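**Student:** okay, predicted coordinates and the sequence, questions at the end:
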Amino acid sequence: MTAARWARWLVCVLVALTLALPSALAQPSGNLVIAGRDGVFGDALGLATTWFAEQNPGVTIELLRLPYAGLYENLVISLRERSGAFDVVMLDDTWAPEFMAAGWLRDLEAAGMTINPGFVRSALDASRYPFAEGPLYAVPHVGNVLLFAYRTDLFEQYGLARPGSWTDVLAAARTISERAEGVHGVVFRGIRGNPIVTGFLPLLWAHGAEIIDADGRVAFDSPASVAAVETFLALKAFAPVGVEVYNASEVRDALQRGVAAMAIEIWPSWIPALDDPAVSEVVGLVEIMPAPGQVAGPSPMLGSWLLGVAADARNPQAAQAFLEFVTSDEIQRRLALEVGLPPVAEGPYTDAAVVERFRWYPAQLEALQNARARPRIPEWSQVESILGDYLQFVLIGQMTPQQAVTEAHRRIESALRR
C-alpha cells in the first residue's frame, strides 16, 4: 500500500470512528432506579422496563411498585433531602405543583429530551409549571380522565336523549327513578374527601364556577357555585340510599348489577368490567361520554399520572431515554393492548386494533381534549379536604348549599393564608 493510499484509508477509519462515537455515547447504561405505582400502573411500568432493557442491555433497572400514599411519602423524603435514591419518578398530577415549585425535577426540554409531538394538550399542560406556560418538568404517562356513563337501553325505553347538560342528567334521573322498577337514576361517590370532590368538579366547572381564580384567589363563594351544589344535592334524591358514604366499589357494583342508570364519575380502569359477562349484567348497554356541560362547555376532570427525572438523579441520561421510550406512540399502543393503560398521545386512540378492543376510546379522547386539571396550587390537598367536608355536610342535611359554599370559601381562604 502506497503512502497516499494508506493516508486515505486512515482518514476513512478515523471518520467512521468519529461518526460512530455519538451513538455509542448516547446509548444509555448503568443502573436506573424507577419509583412507580402498584397495581395496573406497576404492571405497565414493569412491561415497559422489560422492553426497554431488551433494547438497552447496558442498563440495569430497579423498579419500585408503591401504593399511592407510600409513593408520595418516599418521593417527598428522597427529593427534599436530595438523596439521589431515584432516577425516574412517577407522580400524580396533583403533586406536580409542589414538586415542580420546589425544584425537585429536571427541566426536560432544557436537558434536550425529545418530546412526543402527539401528546394530548391538556396532559402536556399539566406537566409544566407554571401550568401550560412554564418549563416541562415531567411528561404525561397515564391518560386518566373522568368520564360519564349512562344506560342506553333505559334512555331509549323512556325516550330520553343523550344528556347534554346537568339539567338533562337531573331530568333523566327523575324519569328513570320514577318509572324503572328497582333502578336508581344516578350513582356517585359521596364519601368525604377526594372521592366526593372528584365527582363534583366537572359539575362545578360546567356551572361556570371556580374554586381558585386565574390570579390565585379563592373564588368559591359565588352564585354559580351555589347552583352547582344545589344540582349535586338534587341528584341525591335519585341515588341509592346511603350514597353519601359510597366509594368506588359501591359505584362500580351499582353499575354492573344494573341498579343505576347513570354514573357521574367513571374511570377508564373501571369500564372493561361493564362488558365482562362474568361480573356484569349490563354488557353492551352502558355508553361512555365526557361529563356534560351547563353554562360552560363540558369540563371533564384530568387525572393523569406523570413521569419525571429527579433533579438529583444519578443516571439522568438513562432516565430521559426511558421517558422518551415509554411515552412513544408505539409503546403507549402496546401498553394499552397489553394492560389497558390509557394513552396520553392522540395516535393510539385512533389505532384500529386499540379502538376495537376499547370501544369507548373515541369518547375518552374527546374527554381528554376538553379536560381540566385541578387547581395548580401546592396546597390542593388541604383545599380538597375542606371542600369534601362541606359537600358531605350538604348531602347529610347539616348545611344548605349556600351555607356550605360560604363557609368552605372562608376555610379555604384561611388555609391558603398560612
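**Tutor:** It's in.

**Student:** helices of the stretch 101-250 of the chain, residue ranges please.
**Tutor:** 121-125, 152-157, 166-179, 194-206, 223-236, 248-256 (DSSP state H, counting those that start in this stretch).

**Student:** dump those into TSV; add mean pLDDT, distance to G293 and mean neighbour count as well.
**Tutor:** For the C-beta atoms, the positions are set from N, CA and C on the backbone; glycine is no exception. Putting these into TSV (pLDDT from 0 to 100; distance: least, C-beta to C-beta, whole Å; neighbours: other C-beta atoms under 10 Å) gives the following:
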stretch	mean pLDDT	distance to G293	mean neighbour count
helix 121-125	96	16	21
helix 152-157	98	18	15
helix 166-179	98	8	18
helix 194-206	97	5	24
helix 223-236	98	12	20
helix 248-256	98	22	19
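
**Student:** turn the ones you listed into CSV, columns for distance to V339.
**Tutor:** Listed next are the helices of the stretch 101-250 of the chain as CSV, based on distance: least, C-beta to C-beta, whole Å:
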stretch, distance to V339
helix 121-125, 19
helix 152-157, 28
helix 166-179, 32
helix 194-206, 23
helix 223-236, 33
helix 248-256, 19
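
**Student:** contact partners of stretch 349-360?
**Tutor:** 147, 268, 271-272, 275, 288, 333, 336-337, 340, 343, 348, 361-362, 364-365 (C-beta atoms under 8 Å, 6 or more residues apart in numbering).

**Student:** for the stretch 301-418 of the chain, which segments count as strands?
**Tutor:** Ranges of strands within the stretch 301-418 of the chain are 305-309, based on DSSP state E, counting those that start in this stretch.

**Student:** burial of L75, as a residue count?
**Tutor:** 23 (other C-beta atoms under 10 Å).

**Student:** ok, it touching F86?
**Tutor:** Yes: taking C-beta atoms under 8 Å as the definition, L75 is a contact partner of F86 at 7.3 Å.

**Student:** check the contact lists of these two and give me the overlap.
**Tutor:** A35.

**Student:** ok, which stretches of the stretch 51-200 of the chain are strands?
**Tutor:** Counting by DSSP E, counting those that start in this stretch, one finds strands in the stretch 51-200 of the chain at the ranges 59-66, 88-92, 139-142, 147-151.

**Student:** from P316, how far out is the residue nearest to R372 when sequence neighbours are not counted?
**Tutor:** Counting by C-beta to C-beta, 6 or more residues apart in numbering, S299 is the residue found nearest to R372 once chain neighbours are left out, at 4.8 Å. Taking C-beta to C-beta, to the nearest Å as the measure, S299 and P316 are separated by 36 Å.

**Student:** these two: which has the busier surroundings?
**Tutor:** S299 (24 against 20).

**Student:** thinking again about what came up before, measure the residue nearest to R372 to D92 for me?
**Tutor:** Distance from S299 to D92, by C-beta to C-beta: 19 Å.

**Student:** surely N247 touches R192?
**Tutor:** No: if you go by C-beta under 8 Å, N247 and R192 don't touch, sitting 10.3 Å apart.

**Student:** more neighbours, these two?
**Tutor:** Ranked by neighbour count (other C-beta under 10 Å), N247 and R192 place R192 first, with 20 against 14.

**Student:** what's near enough to touch the more buried one?
**Tutor:** 388-389, 391-392.

**Student:** and the gap between it and T198?
**Tutor:** Distance from R192 to T198, by C-beta to C-beta: 12 Å.

**Student:** how about the helices of the stretch 101-250 of the chain, which one is nearest M399?
**Tutor:** With distances scored as C-beta to C-beta, the stretch of the helices of the stretch 101-250 of the chain nearest to M399 is helix 223-236 (9.5 Å).

**Student:** now for that closest one, which elements pack on it?
**Tutor:** Judged by 3 or more C-beta pairs under 8 Å, 6 or more residues apart in numbering; DSSP states H and E, the packing partners of helix 223-236 are helix 166-179, helix 194-206, helix 380-395, helix 401-417.

**Student:** could I get those helices as JSON lines with distance to I34?
**Tutor:** Shown next, in JSON lines, are these (distance: least, C-beta to C-beta, whole Å):
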{"stretch": "helix 166-179", "distance to I34": "41"}
{"stretch": "helix 194-206", "distance to I34": "25"}
{"stretch": "helix 380-395", "distance to I34": "24"}
{"stretch": "helix 401-417", "distance to I34": "34"}
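
**Student:** the ones you listed: which one's closest to L136?
**Tutor:** Comparing those under C-beta to C-beta, the one sitting nearest is helix 380-395, at 20.3 Å.

**Student:** what does the pLDDT read for the residue lying closest to W305 once chain neighbours are set aside?
**Tutor:** With C-beta to C-beta, 6+ apart as the criterion, W305 has its nearest non-adjacent residue at 3.9 Å, and that residue is V142. Note for V142: predicted pLDDT of 97.

**Student:** thinking again about what came up before, out of the contacts of R192, who's the most crowded?
**Tutor:** Neighbour-wise, the contacts of R192 (other C-beta under 10 Å) top out at L391, 26 neighbours.

**Student:** please report how far it lies from N144.
**Tutor:** Remark: distance between L391 and N144 (C-beta to C-beta) = 22 Å.

**Student:** do R418 as well
**Tutor:** 30 Å.

**Student:** okay, these two: which has more neighbours?
**Tutor:** Higher neighbour count among R418 and N144: N144, with 25 against 6, using other C-beta under 10 Å.

**Student:** wouldn't that one be in contact with W267 here?
**Tutor:** Yes: contact criterion C-beta under 8 Å: N144 and W267 qualify, at 6.5 Å.

**Student:** what touches both of the two?
**Tutor:** G303.

**Student:** list just the one of the helices of the stretch 101-250 of the chain that sits closest to D329.
**Tutor:** Nearest of the helices of the stretch 101-250 of the chain (C-beta to C-beta): helix 121-125, 14.1 Å.

**Student:** brilliant, that's me finished.
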